[in-house]
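In: sequence and computational prediction follow.
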Amino acid sequence: MNIPKLLTTLVATTTILFAATENAQAITFSGTSSGSWGLPVVSTGVEFLSDENGGTNNRLTWGIAATTSFRNYVQYDGLSFSTDVNTLFAVGDLTYGNGATYYGFNGDFPLEVELSFTNPFNNAENFNYTFNIFNTPNIYNDPVLDGDILLFTANGLTNDSFNFAGVDYTLKLAGFSSDGGNTFLSEFNSPEHSVANAILYAEIIKVDVPEPTTIIALGLFGIYLTGSLNISRNREEGSIINN
């Protein structure tokens, strides 16, 4: 075994990992977001997609409205953003119109979020998620208790990622806020017979990058290995002298 070469490689690897971690934490990503809904996995046949406010398929409408009411819909409007890694930011403006309807649906439907980056590179990246909706039966005669519930599944994670400067990143959904990000909820409740708004927050996180503790452990192993080799070498030299 070429010990000097092994030690050189180990030190170089540790240095590179430290540098990659520090660089990833210092990057600021800027651009604009947009979102497109898909039709429910289990359809009742009265859902449709539409383009609103310059978006594409960014409104999902469903149900047949009762007299003096309106159809249910959920709409995603994109936002501008500038954020560091591992920092929460507003990624989408959600509007949920909850009318009194027949033939509503309960279950999963997809959302594709696109981030159009302008810094530190110019590129568009797409991330796919599954949302779930529960149309609450209107039995309480209370707008809030009869409100419908929207949430995302899989803890806001996606299998989609992108690479910049040799590091893989992904977009993790974090929660909903109706007070400018002071408090967050895991679900978006829209009271009955109303139109509610909430901001969807997310964060850009690294994918498959060793944690600093792992890098430190690797460096300590190198120090231990170096010390062990020196002890072994001294013992060998002492043995030669004694002989």
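Out: Structure received.

In: can you check the pLDDT for the residue positioned nearest the centre of the chain?
Out: A centroid search over the chain (C-alpha atoms, centre = their mean) returns Lys172, at 1.0 Å, as the residue closest to the centre. According to the prediction, Lys172 has pLDDT 98.

In: can you tell me the SS state at it?
Out: Under DSSP: H, G, I helix; E, B strand; the rest coil, the three-state class of Lys172 is strand.

In: my guess is it contacts Asn159. True?
Out: No. Contact criterion C-beta atoms under 8 Å: Lys172 and Asn159 do not qualify, at 11.9 Å. C-beta here means a position set from N, CA and C on the backbone, and glycine is covered the same way.

In: and Tyr76, what are its bridge partners?
Out: Leu94 (DSSP bridges).

In: tell me, how many residues neighbour it?
Out: Neighbour count for Tyr76, taken as other C-beta atoms under 10 Å: 27.

In: Tyr201 too?
Out: 19.

In: for it, what are its contacts?
Out: Residues near Tyr201 by C-beta atoms under 8 Å, 6 or more residues apart in numbering: 88-91, 173-177, 181, 184.

In: mind doing that once more with 6 Å?
Out: Contact analysis of Tyr201 by C-beta atoms under 6 Å, 6 or more residues apart in numbering lists 88, 90, 174-175, 177.

In: isn't Asn72 up against Thr101?
Out: Yes. The pair Asn72 / Thr101 is scored as a contact, 5.4 Å apart, by C-beta atoms under 6 Å.

In: what is in contact with those two at once?
Out: Contact with both Asn72 and Thr101 is made by residues Gly63, according to C-beta under 6 Å, 6+ apart.

In: the more surrounded of the two?
Out: Asn72 (24 against 20).

In: so what's the predicted local confidence for the more buried one?
Out: Listed pLDDT for Asn72 reads 95.

In: tell me how many other residues crowd the closest residue to it other than its chain neighbours.
Out: Spatial nearest neighbour of Asn72, excluding adjacent residues (C-beta to C-beta, 6 or more residues apart in numbering): Gly63 at 4.9 Å. Neighbours of Gly63 under the rule other C-beta under 10 Å: 21.
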